[in-house]
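# Here's a sequence, model it:
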Amino acid sequence: MIEVGADGRTWLLSGPTSSYAIRLTDRDELLHLYWGARIALADAEALAAEPPPLERGFESPLDGREEYPVEGGPRFVRPVLSVRDDTVRGTEWHHTGSAVDSDALQVHFRDPLHHLRITLTYRLRGDVVERSVRLAHEEGHGARPLEVLRADSATWTLPRRERWRLSQLHGRWAAESRLMRSDITYGEKVIGSRRGHTGHQHLPWVALDAEGATEEQGEVYSCALAWSGSWRIAVHQLPDGTVQISGGMGHDDSGVTVLEPGVALTTPVFAGLWSGDGFGGASRAWHAYQREHVIPDADTVRPVLYNSWEATGFDISEEQQRALARKAAGLGVELFVVDDAWFGGRVSDRSGLGDWTPNPDRFPDGLKPLADEVHGLGMRFGIWVEPEMVNPDSDLYRAHPDWVQHQPGRTRAEFRNQLVLDLSREDVRAYLWDRLDALLSGAPIDFVKWDFNRSFTDAGRPGAAGRELWWAHGRHLYGLLDRLRAAHPDVSFESCSGGGGRVDLGILSRTDQVWTSDNTDPLDRLAIQHGFSQLHPARVMAAWVTDSPNTQLNGRVSSLRFRFVSAMAGVLGIGGDLARWSESELAEARDWVDLYKEIRPVVQLGDLYRLRPPEGGLSAVQYVRGDEAVVLAWLRAQSYGEEPAPVRLRALDPAAVYACPDTGKTYRGAVLMRRGLRTGLKGDLDAGVFRLRRV
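The predicted structure follows:
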């Protein structure tokens with residue numbers, strides 16, 4: 001609901017539990033009034049009527065109060081909008097109107113000197129407020145090209161508190177999404193990516209709490225950016241103690257683009273959420289928002305998949321894939337995915353990228369015969385691609401060496417033996433569309449694992465400023481994915497970037513799931529998945545069961561039980577070499593797959609409660625959907641033969657009785673919530689699945 005004050009200059013946006021209020025002064029300054037638990041319009045108007053803070057020398061009366069601080073005028077905070085033509089830098093705007101509908105507010109401004117129209121958009125999605133900005137450069141009037149140096153999507157202003165704490169997700173390849181919390185200090189803390197993609201190092205999300213919020217209690221303010229290229233989020237505590245969060249695309253050295261007269265730019269969404277129910281309440285609100293407004297077909301469960309990469313590497317053949325498919329079908333797998341090396345001259349990571357036709361030596365009749373057999377086994381068929389990249393040893397590069405990003409006169413860095421295709425070129429986009437459309441039209445392909453394994457290093461090309469590529473690449477990637485989805489609506493997509501290097505609200509609006517990490521060690525994955533769940537739902541979190549010992553990273557030995565229960569916390573997949581699994585292992589795996597299919601609607605579509613974090617000892621998560629609950633629990637190590645403490649469940653009816661279909665035991669809801677569930681786990685790396693249904 002959006003309400004407008006009596007004078008038309010105060011706006012109050014209210015979701016089910018929260019409100020957000022702004023005020024336009026008679027000097028056309030758009031000020032922040034309130035963000036927090038739900039209030040009435042009269043409350044917002046009372047806030048608007050309060051006198052401004054006292055002015056102090058060397059301080060701006062606008063700093064810390066504006067909704068969108070631009071460069072220019074009496075401001076000293078870092079601007080979120082910076083533009084210049086060939087003579088004048090900065091912005092001085094005038095309000096030109098506003099528009100309100102059922103769930104969106106637009107506030108319009110104009111900079112007459114730059115002939116620039118600026119529209120700030122606020123859209124309500126439950127308790128999530130989506131914010132974005134549109135910059136339109138007017139034609140005529142002697143308008144000149146306008147360089148956009150910075151165009152963040154929003155600034156969020158938090159209420160004054162004595163002390164703030166920051167939560168963020170950090171990591172690196174194979175160690176993504178690890179949760180860290182620290183006190184906010186004066187000055188600016190910036191996280192982001194300068195790599196051309198979201199990056200393994202940070203997810204574009206922050207959360208702040210001021211009074212010791214816990215998992216289920218306390219106020220939490222959090223923000224997430226919907227952009228898959230380079231980005232930044234800055235948390236700034238000003239000298240008066242005010243804390244603001246700003247964020248958007250690009251990084252400080254790249255600039256954004258040059259707006260020619262008649263051209264417009266719309267920034268990615270930067271979404272904000274207030275929760276009064278702690279970090280768990282904030283997570284569940286984010287999950288619900290993504291399932292309802294972001295993720296395609298989010299109300300359908302994702303299939304159990306098998307991926308052949310760890311079984312085969314680059315040494316693949318059609319018959320080998322057929323044999324693996326038969327094994328996978330016997331386990332109850334629903335989607336069989338051929339990973340790298342099915343195309344071109346791809347015999348190692350040094351060749352073939354860009355040549356998206358089946359290797360005639362490995363697949364003499366193309367992919368269709370294999371896909372047909374996979375379908376005949378009752379599974380869907382998928383493939384791996386990395387369309388944005390090219391190997392120097394490829395037919396594509398030999399024909400078009402000018403198609404890659406590079407700085408003229410500089411050595412081209414062949415990072416990971418790859419170069420990045422320049423998606424700002426229309427001929428490159430046309431080639432990728434033709435090849436991928438032909439691929440999806442030429443064989444019954446149901447699933448595409450879309451990878452991105454090489455960060456930007458040489459973003460440039462002759463005749464174009466390098467900074468243009470940073471913005472253009474992400475925009476044209478989205479356009480290509482949108483076009484492919486429209487042309488092939490039955491094909492689903494997974495975002496991958498060497499694991500979790502491209503996970504954000506922007507890519508999730510165009511893909512059905514994400515590859516969380518290349519790290520498939522089941523113990524490491526618990527921490528990765530714990531951090532991932534702070535923002536994203538289990539419905540998109542792909543997780544595989546692979547071989548033991550874990551040869552990829554640490555050589556850890558773990559049971560099939562522990563590996564399966566770890567992976568069942570999201571979208572279950574299998575990535576081991578099934579040809580080497582024993583008959584007893586295959587039989588056990590089949591039972592786990594059957595169990596997962598039964599609990600899958602609750603795991604993928606239910607509400608998530610983090611019962612105990614994976615910090616040693618016993619950890620557990622709970623999913624609730626309707627009358628059903630599922631608890632997954634893992635014991636890292638037992639000490640002194642002592643039984644782990646019971647796990648107290650949440651969101652049950654304390655007066656109800658719950659039955660476990662596996663054991664026949666019944667439990668009182670109040671006992672499960674107040675005393676807890678005894679898991680019976682023991683030893684090292686033990687795990688269990690506990691199903692409950694209200695009687």
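# I'd like the next helix or strand past the lowest-mean-pLDDT helix or strand in the chain.
Across the helices and strands of the chain, mean pLDDT, DSSP states H and E gives its lowest value to strand 257-259, namely a mean of 89. Moving toward the C-terminus from strand 257-259, the next helix or strand (DSSP states H and E) is strand 264-266.
# Name the residues of that following strand that come out as buried.
Buried positions in strand 264-266, judged by neighbour count with 16 or more other C-beta atoms under 10 Å: Leu265. Yep, even glycine has a C-beta here, placed from its N, CA and C like the rest.
# cool, stretch 598-618 as well?
Of all the residues in stretch 598-618, those buried under the rule 16+ other C-beta under 10 Å are 599-612, 614, 618.
# Of all the helix elements in this protein, which one is longest?
Longest helix in the chain by number of residues (criterion: DSSP state H): helix 583-605.
# Can you list the neighbours in contact with that helix?
Helix 583-605 is contacted from outside by 291, 299, 301-302, 304, 327, 330-333, 537-539, 545, 560-561, 564, 568-572, 574, 578, 581, 623-625, 628-630, 689, 691, using C-beta atoms under 8 Å, 6 or more residues apart in numbering.
# Then stretch 430-443?
For stretch 430-443, the external contacting residues (C-beta under 8 Å, 6+ apart) are 356-357, 366-368, 371, 381, 383, 385, 387, 396, 403, 421, 423, 445, 448, 480, 483-484, 487-488, 491.
# can you rerun that using 7 Å?
356, 366-368, 371, 387, 480, 483-484, 487-488, 491 (C-beta atoms under 7 Å, 6 or more residues apart in numbering).
# what residue ranges in this protein score low on pLDDT?
Along the chain, segments meeting pLDDT under 70 span 253-254, 463-467.
# how about the most centrally placed residue in it, phi and psi?
The centroid of the chain falls nearest to Asp504 when counting by C-alpha atoms, centre = their mean (2.3 Å). The phi/psi pair for Asp504 (degrees, to the nearest 10) reads phi -170, psi 170.
# In contact with His200: list those residues for me.
Residues in contact with His200 (C-beta under 7 Å, 6+ apart) are 171-173, 176, 499-501.
# Write the PyMOL selection for whichever of the residues you listed are buried.
In PyMOL, selecting the buried portion of the contacts of His200, with burial taken from 16+ other C-beta under 10 Å, looks like this:
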select buried, resi 171+173+176+499+500+501
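# Among the contacts of His200, which one lies nearest to Leu13?
Nearest to Leu13 among the contacts of His200: Gly500, at 32.3 Å, using C-beta to C-beta.
# Phi and psi next, for Gly345.
phi -100, psi 40.
# from what I can see it touches Gly354, true?
No - using C-beta atoms under 7 Å, Gly345 makes no contact with Gly354, being 10.4 Å away.
# more crowded one of the two?
For the pair Gly345 and Gly354, the greater number of neighbours falls to Gly354 (31 against 17), based on other C-beta atoms under 10 Å.
# Kindly provide the distance from the more buried one to Leu480.
Separation of Gly354 from Leu480 (C-beta to C-beta, to the nearest Å) stands at 15 Å.
# Each with direction, which strands does the helix or strand just after the longest helix of the chain pair with?
Downstream of helix 583-605, the next assigned helix or strand under DSSP H and E is strand 607-612. Taking DSSP bridges as the criterion, strand 607-612 pairs within the sheet with strand 618-625 (antiparallel).
# what's in contact with the helix or strand following the partner strand?
Using DSSP H and E, the helix or strand that directly follows strand 618-625 along the chain is strand 628-637. Outside strand 628-637, the residues that touch it by C-beta under 7 Å, 6+ apart are 523, 526, 562, 565-566, 568-569, 599, 602-603, 616-623, 644, 647, 649, 652, 677, 679, 681, 684-693.
# Buried ones among the residues you listed?
523, 526, 562, 565-566, 568-569, 599, 602-603, 618-623, 644, 647, 649, 652, 677, 679, 681, 685-692.
# what's the span of stretch 644-657, first residue to last?
Stretch 644-657 has its terminal residues 24 Å apart, counting by C-alpha to C-alpha, to the nearest Å.
# same check, this time on stretch 612-630
Stretch 612-630 stretches 14 Å from its first residue to its last (C-alpha to C-alpha).
# Then stretch 529-542?
OK, stretch 529-542 end separation, C-alpha to C-alpha: 10 Å.
# quick revisit: tell me which residues are up against the least confident helix or strand of the chain.
Residues outside strand 257-259 that contact it (C-beta under 7 Å, 6+ apart): 135, 137, 145-148, 265, 468, 471.
# In helices, which of those appear?
Per DSSP H, the subset of the contacts of strand 257-259 in helices is 468, 471.
# Select only the buried ones of the contacts of strand 257-259 in PyMOL?
Buried residues among those (16+ other C-beta under 10 Å), as a PyMOL selection:
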select buried, resi 135+137+146+147+148+265+468+471
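# can you list the contacts of strand 257-259 in JSON lines and add distance to Tyr20?
Below are the contacts of strand 257-259 laid out as JSON lines (distance: C-beta to C-beta, whole Å):
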{"residue": "Leu135", "distance to Tyr20": "23"}
{"residue": "His137", "distance to Tyr20": "29"}
{"residue": "Pro145", "distance to Tyr20": "35"}
{"residue": "Leu146", "distance to Tyr20": "30"}
{"residue": "Glu147", "distance to Tyr20": "32"}
{"residue": "Val148", "distance to Tyr20": "26"}
{"residue": "Leu265", "distance to Tyr20": "24"}
{"residue": "Glu468", "distance to Tyr20": "34"}
{"residue": "Trp471", "distance to Tyr20": "28"}
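# what about Ala21, distance to Thr10?
Applying C-beta to C-beta to Ala21 and Thr10 gives a distance of 7 Å.
# So for those two, which residue has more residues nearby?
Using other C-beta under 10 Å as the criterion, Ala21 and Thr10 rank with Ala21 on top: 24 against 21.
# quick one: contacts for Thr136?
Slight slip there: residue 136 is Ala, not Thr. By C-beta under 7 Å, 6+ apart, the contact set of Ala136 is 117, 264.
# That one pairs with what?
When bridges are called by DSSP bridges, Ala136 pairs up with Arg117, Ala264.
# Count the neighbours of Gly142 for me.
Other residues within reach of Gly142, judged by other C-beta under 10 Å, total 6.
# secondary structure element for it?
Using DSSP H and E, Gly142 falls within no helix or strand.
# Pop out the phi and psi values for it.
phi 70, psi 20.
# and the gap between it and Arg110?
To Arg110, Gly142 is 16 Å away according to C-beta to C-beta.
# Kindly report the same for Gln638.
68 Å.
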